[in-house]
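Fold the following.
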Amino acid sequence: MVQVAEIASSIAGRPLDSDLQTFLRTTYPDHGPAFHDLEQLIATGVAEGWLCQREAGGIRFGRVVKPGGEAGRFSVDVVLMDDIRGPHHAHPQGEIGMILPVEGAPMFDGHPRGWYVYPPGSDHWPTVSGGKAYVLYLLPEGAIEFTGR
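All right, here's what the predicted structure looks like:
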């Protein structure tokens, strides 16, 4: 995923905060070529069967890149969610994600199409409402903690 490597390189060393969210939304806007290319790559990967191969609780998912790979210190995961709330988890080092609508007008945790950044120590029940969406997310060092809540 060359596009992800470029994005990861551009944000390496930056704190996961609102400034990073603004940077991503400005540098890689949801109507721009990088966003579009990733959207097409994800759709192709799912159609060809090499992406989102696993399923649990109505959510399809898969890790595309492990930390230390082409995305530097980030892991890269993709989920496909359709009007569903996922399992509660925490982000010890934060989470960076892009929301890619598939059907309807989906929102991810209240965010529309585009980028979001959750800071270190944040937690949530990842929720897509109003439709179906892919969510590509980067985790520093691949760090995620499922809480069982």
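
longest helix anywhere in the protein?
With residue count as the measure and DSSP state H as the assignment, the chain has helix 33-48 as its longest helix.

tell me what that one is packed against?
helix 2-11, strand 74-85, strand 95-108, strand 127-140 (3 or more C-beta pairs under 8 Å, 6 or more residues apart in numbering; DSSP states H and E). In short, each C-beta sits where N, CA and C put it, glycine included.

Could you export those as TSV, including mean pLDDT and mean neighbour count?
TSV is the format used below for the helices and strands packed on helix 33-48 (pLDDT from 0 to 100; neighbours: other C-beta atoms under 10 Å):
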stretch	mean pLDDT	mean neighbour count
helix 2-11	88	17
strand 74-85	96	20
strand 95-108	97	20
strand 127-140	97	20
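
Redo those as TSV? Include distance to residue 116.
Written out in TSV, the entries for the helices and strands packed on helix 33-48 read as follows (distance: least, C-beta to C-beta, whole Å):
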stretch	distance to residue 116
helix 2-11	13
strand 74-85	14
strand 95-108	5
strand 127-140	9
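
And the ones you listed: which comes nearest residue 37?
Checking the helices and strands packed on helix 33-48 against residue 37 by C-beta to C-beta gives helix 2-11 as the closest, at 5.2 Å.

Just checking, which helix or strand succeeds that closest one along the chain?
Sequence-wise, the next helix or strand beyond helix 2-11 is helix 18-27, with elements assigned using DSSP states H and E.

Which positions within that following helix qualify as buried?
By neighbour count with 16 or more other C-beta atoms under 10 Å, helix 18-27 contains the buried residues 20-21, 23-24.

Just the angle for it relative to strand 95-108, thanks.
Put simply, helix 18-27 runs at 70 degrees to strand 95-108, going by axes from the mean of the first three to the mean of the last three C-alpha atoms, to 10 degrees.

now the longest helix of the chain, how far from the chain's geometric center?
If you compare the mean C-alpha spot of helix 33-48 with that of the full chain, they lie 13 Å apart, counting by C-alpha atoms, centre = their mean, to the nearest Å.

Right, I'll leave it there.
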